[in-house]
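[1] Next comes the sequence, and after it the predicted model I'd like to discuss.
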Amino acid sequence: MKQYLMIGAAAFVLGAGSMAYVSQQAQASAQQPRSQTYRMLELFGDVLNTVERQYVTEIDETKLIESAIDGMLTSLDPHSGYLNAESFDEMRDQTRGEYGGLGIEVTSEDGVVKVISPMDGTPAAKAGIKAGDYITGVNGASVLGMSVSDAVKQMRGKPGEAVVLSIARQKSDPFDVEIIREVIQPKSAVARMEGDYGYLRVSAFNERTTDEAERVFGELRAANPNMKGLILDLRNNPGGLLDQAVGLSDLFLEGGEIVSQRGRNARDVERYNARAGDIAEGLPMVVLINTGSASAAEIVAGALQDRKRAELVGLTSFGKGSVQTVIPLRGGMDGALKLTTARYYTPSGRSIQKTGIEPDLEVAASRDEAQAIANRAFQFSEASLRNALNADEGLERRGAHQPAEAPPESFDEEKDFQLVRAQDVLKYGSVAATPKLPKPEARLAEVIGVKDKVAAAAAAAPKAN
């Protein structure tokens with residue numbers, strides 16, 4: 001917060017010093033937008049006054065103004081928003097890695113709450129909630145048109161209590177699922193052996209992630225000194241704290257850049273570098289990613305790929321390449337702004353905003369998933385979010401296509417095909433040396449529009465009283 005205030009103060013001094021040299025005409029033109037702003041603020045006051053006097057029922061002015069602030073921020077991009085004091089406290093609990101709820105990461109799309117991914121080992125994951133699901137109702141009340149923060153409040157509650165979610169899923173009839181709330185204490189890092197190779201699963205980036213990952217990998221390596229390689233699994237990892245993404249990347253790099261973030265000003269660049277010391281001591285690495293790998297997970301995948309430390313197996317990542325700064329208001333007493341302040345770039349200078357990070361070996365987890373990739377209507381990514389920030393280079397995400405690999409008919413569906421192929425890459429030494437499987441025959445599926453699906457779910461969902 002101190003840094004934020006210092007930047008603001010410096011800008012004010014510079015502006016004051018410059019004013020002595022501008023012409024009267026420039027001053028007039030600068031005042032014109034300001035007068036327009038004042039006029040619009042007066043309009044807002046008039047609207048609020050009219051609503052207060054004439055709306056059919058009494059209103060909660062605080063809630064109305066908070067909604068107006070949130071609406072202003074969410075009009076910028078899907079990840080900016082306003083957190084009232086209660087929501088700000090909940091966000092801090094979540095980043096500390098302990099909070100009450102279902103363990104589900106959500107966003108908003110056209111007024112519908114959409115799942116980015118469930119967190120490993122949480123009630124949502126155990127109940128079968130999937131990335132891309134639409135949540136249309138909570139406990140029999142519709143959440144269509146509700147803000148994400150309000151919908152999350154409906155889903156959170158006392159541990160041990162049940163909550164019923166109404167779900168709309170592509171190629172499935174709407175259904176309800178009952179989930180028991182728990183105190184969410186997700187283990188952000190777990191490790192085990194997969195044959196001759198270590199397996200490190202990182203499911204989120206909270207304040208404990210780097211320390212947990214270093215500890216569980218150290219214990220695994222000590223117990224298995226002949227480990228031949230490491231698989232880092234970032235699938236369905238919705239992201240989290242930037243410093244933890246930097247910290248996890250640093251564990252496996254000997255130095256050099258991990259990520260940079262660049263704000264509105266071209267000179268406003270901040271770089272994050274690795275320190276000497278690779279806890280895996282140069283063991284070959286493969287990173288698993290998919291469309292649920294977002295934000296901080298993409299920073300790690302991009303850094304290890306660009307620095308030639310690991311090869312990537314799976315599917316193109318989500319494509320969230322923007323940085324949100326949480327700015328407390330009056331020390332948090334009035335909540336906080338969650339504001340997009342920068343794009344982040346991989347070491348080679350790639351901005352993956354909307355485009356995602358493409359794997360070195362594209363592998364669908366199932367034949368159904370391969371079919372979904374062949375039909376762009378079923379893709380869920382940053383690029384599919386309304387009003388998403390554009391990539392700085394103007395690049396576009398790859399459209400509908402046949403993925404390079406998918407499980408053959410003879411493959412045991414109980415096994416993890418992407419994990420098996422990651423092991424193959426380690427076994428053969430590289431993606432280039434790994435024997436490739438026949439390309440799956442994915443056909444163009446029947447296109448079911450998102451709006452049609454949501455409309456059907458809305459018709460089936462009970463209405464709020």
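    The structure has been received and is ready for your questions.

[2] quick one: buried residues of stretch 101-119?
    Residues 101-109, 112-119 are the ones in stretch 101-119 that count as buried (16 or more other C-beta atoms under 10 Å). Where you see a C-beta, it was placed from the backbone N, CA and C, and this is true even at glycine.

[3] Give me the subset of these lying in strands.
    Secondary structure from DSSP state E places 101, 104-109, 112-118 of the buried residues of stretch 101-119 in strands.

[4] tell me the two of these that are most distant?
    The span of these, defined through C-beta to C-beta, is set by Gly101 and Glu109 at 20.6 Å.

[5] Downstream of the top helix by length along the chain, the next helix or strand is which one?
    Using DSSP state H, we find that the single longest helix of the chain is helix 24-54. Downstream of helix 24-54, the first helix or strand assigned by DSSP states H and E is helix 61-74.

[6] Packing partners of that next one?
    The elements that helix 61-74 packs onto, with contact taken as 3 or more C-beta pairs under 8 Å, 6 or more residues apart in numbering; DSSP states H and E, are helix 24-54, strand 81-83, strand 336-345.

[7] ok, back up a step: so which of the ones in strands among the buried residues of stretch 101-119 is the closest to Lys153?
    Gly101 (10.0 Å).

[8] mind checking how far the closest one is from Pro159?
    Plainly put, Gly101 is 9 Å away from Pro159 if you go by C-beta to C-beta, to the nearest Å.

[9] what touches both of the two?
    Counting by C-beta atoms under 8 Å, 6 or more residues apart in numbering, the common neighbours of Gly101 and Pro159 are 181-182.

[10] How many neighbouring residues does Glu254 have?
    Using other C-beta atoms under 10 Å, the number of residues around Glu254 comes to 13.

[11] thinking it is in contact with Ile279, fair?
    No. With contact defined as C-beta atoms under 8 Å, Glu254 does not count as touching Ile279 (10.9 Å).

[12] What ranges does the stretch 251-400 of the chain have for its strands?
    All strands of the stretch 251-400 of the chain, identified by DSSP state E, counting those that start in this stretch, fall at 256-262, 269-274, 285-289, 311-314, 322-328, 336-345, 361-362.

[13] For Pro408, find the nearest of these.
    Closest of the strands of the stretch 251-400 of the chain to Pro408 is strand 361-362, at 15.5 Å (criterion: C-beta to C-beta).

[14] State the mean pLDDT of the closest one.
    For strand 361-362, mean pLDDT is 98.

[15] Just checking: what are the partner strands of it?
    Strand 361-362 has its sheet partners listed here by DSSP bridges as strand 311-314 (parallel).

[16] for the strand it pairs with, which positions count as buried?
    Buried residues in strand 311-314 (16+ other C-beta under 10 Å): 311-314.

[17] Mind putting those into TSV with distance to Ala404 and pLDDT?
    Below are the buried residues of strand 311-314 laid out as TSV (distance: C-beta to C-beta, whole Å; pLDDT from 0 to 100):
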residue	distance to Ala404	pLDDT
Glu311	14	98
Leu312	12	98
Val313	10	98
Gly314	11	97
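
[18] Poorly predicted segments of the stretch 301-450 of the chain, please.
    Within the stretch 301-450 of the chain, the stretches with pLDDT under 70 are 376-379, 392-394, 442-450.

[19] pLDDT at Asn224, what is it?
    Reported pLDDT at Asn224 in the predicted model: 97.

[20] typo on my end, Leu5
    25.

[21] And the one 4 residues further on, by the same measure?
    Confidence at Ala9, expressed as pLDDT, is 28.

[22] Relative to Glu270, how far out is the nearest residue to Thr341 once chain neighbours are set aside?
    Excluding the flanking residues, the one nearest Thr341 by C-beta to C-beta, 6 or more residues apart in numbering is Thr325, at 4.4 Å. The gap separating Thr325 from Glu270 is 11 Å, by C-beta to C-beta.

[23] Also Ser295?
    17 Å.

[24] neighbour count winner among these two?
    Each of Ser295 and Glu270 has its neighbours counted (other C-beta under 10 Å); Ser295 has more, 27 against 12.

[25] pretty sure the more buried one contacts Gln244?
    No. Using C-beta under 8 Å, Ser295 is not in contact with Gln244; the gap is 10.9 Å.

[26] hey, C-alpha coordinates of stretch 249-268 in PDB?
    Taking C-alpha atoms only, stretch 249-268 is exported to PDB below (Å, rounded to 0.1, in the frame of the first residue of the first chain):
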ATOM      1  CA  SER A 249       9.500 -21.800 -10.500                       C
ATOM      2  CA  ASP A 250      12.600 -20.700  -8.600                       C
ATOM      3  CA  LEU A 251      12.800 -24.200  -6.900                       C
ATOM      4  CA  PHE A 252      13.800 -25.700 -10.300                       C
ATOM      5  CA  LEU A 253      15.800 -22.900 -12.000                       C
ATOM      6  CA  GLU A 254      19.400 -22.000 -11.400                       C
ATOM      7  CA  GLY A 255      18.900 -18.300 -12.200                       C
ATOM      8  CA  GLY A 256      17.600 -15.900 -14.900                       C
ATOM      9  CA  GLU A 257      14.200 -14.400 -15.500                       C
ATOM     10  CA  ILE A 258      11.000 -16.200 -14.400                       C
ATOM     11  CA  VAL A 259       8.400 -13.700 -15.400                       C
ATOM     12  CA  SER A 260       8.000  -9.900 -16.000                       C
ATOM     13  CA  GLN A 261       4.900  -7.800 -15.500                       C
ATOM     14  CA  ARG A 262       4.300  -4.600 -17.600                       C
ATOM     15  CA  GLY A 263       1.700  -1.900 -16.800                       C
ATOM     16  CA  ARG A 264       0.200   0.800 -18.800                       C
ATOM     17  CA  ASN A 265       3.400   2.800 -19.100                       C
ATOM     18  CA  ALA A 266       6.000   1.100 -21.400                       C
ATOM     19  CA  ARG A 267       8.700   1.800 -18.800                       C
ATOM     20  CA  ASP A 268       6.700   0.300 -16.000                       C
END
